[in-house]
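Enquirer: sequence? don't have it. structure:
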């Protein structure tokens, strides 16, 4: 039995979390989920109460409403991604249930939700955390990064395949070859392709591809600078 009074979240003691979880189990709404996200994953930071909530989130992921089931899966994915292998092992049963539910939700999800669910899936499987990197690219089709060599700000456009310095020159990006992807990169692209999510698959190839800074000519893997 979890003693929530001994745990903390973003705003202090976690004594309020059981009541919030109970409410979401019977009367889910956007406001309740917003409160839970804010407490357990505040600006990407997780807490002892966040990890303790994983079994309950696995229960909530079983709800029939896809939107609220996805909320549970994505929040759990963020918690697991931040906690790493130790959390995956400690809460293995809950993570397994969440992973199965993610598999069920992925095919019918819209592109934006799909991106978040795919990130959660990779977290459950032990891949490196992306912290919404894929979702940002799917929704905005652009990444703002800093060149690791000269420090200039760059805008990388998924839409037109350019890497541009603000008010300056631009170069063309080089998306990855899908056939040469390996590991979690191949897994992510194969899933998106199998589910007919062509936009997500396209963003993945740009993320895994390379760009050249137009200011200094240095080359880099896009995903490494987006997450850097």
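Expert: That came through fine. Keep in mind that this is a model prediction, so the values were computed, not measured. Numbers count the residues shown, from 1 in each chain.
Enquirer: buried ones in the helix or strand residue 190 falls within, by neighbour count?
Expert: Assigned by DSSP states H and E, residue 190 falls within helix 183-194. If you call a residue buried by 16 or more other CB atoms under 10 Å, then helix 183-194 has these buried ones: 185, 187, 188, 189, 191, 192. The C-beta positions use only the backbone N, C-alpha and C, and glycine is treated the same way.
Enquirer: may I ask which helix or strand of this structure has the lowest mean pLDDT?
Expert: helix 133-140 (a mean of 87; mean pLDDT, DSSP states H and E).
Enquirer: what sits up against the helix or strand that that helix is followed by?
Expert: Under the assignment DSSP H and E, the closest C-terminal helix or strand after helix 133-140 is strand 142-146. Defining contact as CB atoms under 8 Å, 6 or more residues apart in numbering, one finds that strand 142-146 is touched by 136-137, 152-159, 222, 225-226, 228.
Enquirer: average pLDDT across the host helix or strand of residue 105?
Expert: Using DSSP H and E, residue 105 maps to helix 92-105. Helix 92-105 shows a mean pLDDT of 98.
Enquirer: what's the closest non-adjacent residue to residue 221?
Expert: residue 210 (5.8 Å; CB to CB, 6 or more residues apart in numbering).
Enquirer: neighbours of the one you found, how many?
Expert: Residues lying near residue 210 (other CB atoms under 10 Å) number 15.
Enquirer: over to residue 140?
Expert: For residue 140, the neighbour count with other CB under 10 Å is 13.
Enquirer: also residue 149?
Expert: 13.
Enquirer: that older thread, what subset of the contacts of strand 142-146 is buried?
Expert: 136, 137, 154, 156, 157, 158, 222, 225, 226.
Enquirer: from those, which single one is nearest residue 202?
Expert: Comparing these against residue 202 with CB to CB places residue 158 closest, at 6.9 Å.
Enquirer: look up how far residue 203 lies from the residue nearest to residue 157 when sequence neighbours are not counted.
Expert: Once flanking residues are discounted, residue 157 sits nearest to residue 142: 5.2 Å by CB to CB, 6+ apart. Going from residue 142 to residue 203 by CB to CB, to the nearest Å gives 10 Å.
Enquirer: what touches both of the two?
Expert: Joint contacts of residue 142 and residue 203 (CB under 8 Å, 6+ apart) are residue 158.
Enquirer: where does pLDDT dip in the chain?
Expert: In the predicted model, the chain carries pLDDT under 70 at residues 128-131, 227-228.
Enquirer: that older thread, flag every buried residue along whichever helix or strand comes after the helix holding residue 190.
Expert: Next helix or strand after helix 183-194 toward the C-terminus (DSSP H and E): helix 198-208. Buried positions in helix 198-208, judged by neighbour count with 16+ other CB under 10 Å: 199, 200, 201, 202, 203, 204, 205, 206, 207, 208.
Enquirer: if I pick residue 210, what's in contact with it?
Expert: 173, 174, 176, 219, 220, 221, 222.
Enquirer: how about 6 Å then?
Expert: 174, 219, 221 (CB atoms under 6 Å, 6 or more residues apart in numbering).
Enquirer: next one: residue 52
Expert: Here residue 52 is in contact with 2, 7 (criterion: CB under 6 Å, 6+ apart).
Enquirer: now do it against residue 73, distance only.
Expert: 17 Å.
Enquirer: again, but for residue 33
Expert: Distance from residue 33 to residue 73, by CB to CB: 12 Å.
Enquirer: which one's more surrounded, these two?
Expert: Between residue 33 and residue 73, counted using other CB under 10 Å, the more crowded position is residue 73 (29 against 19).
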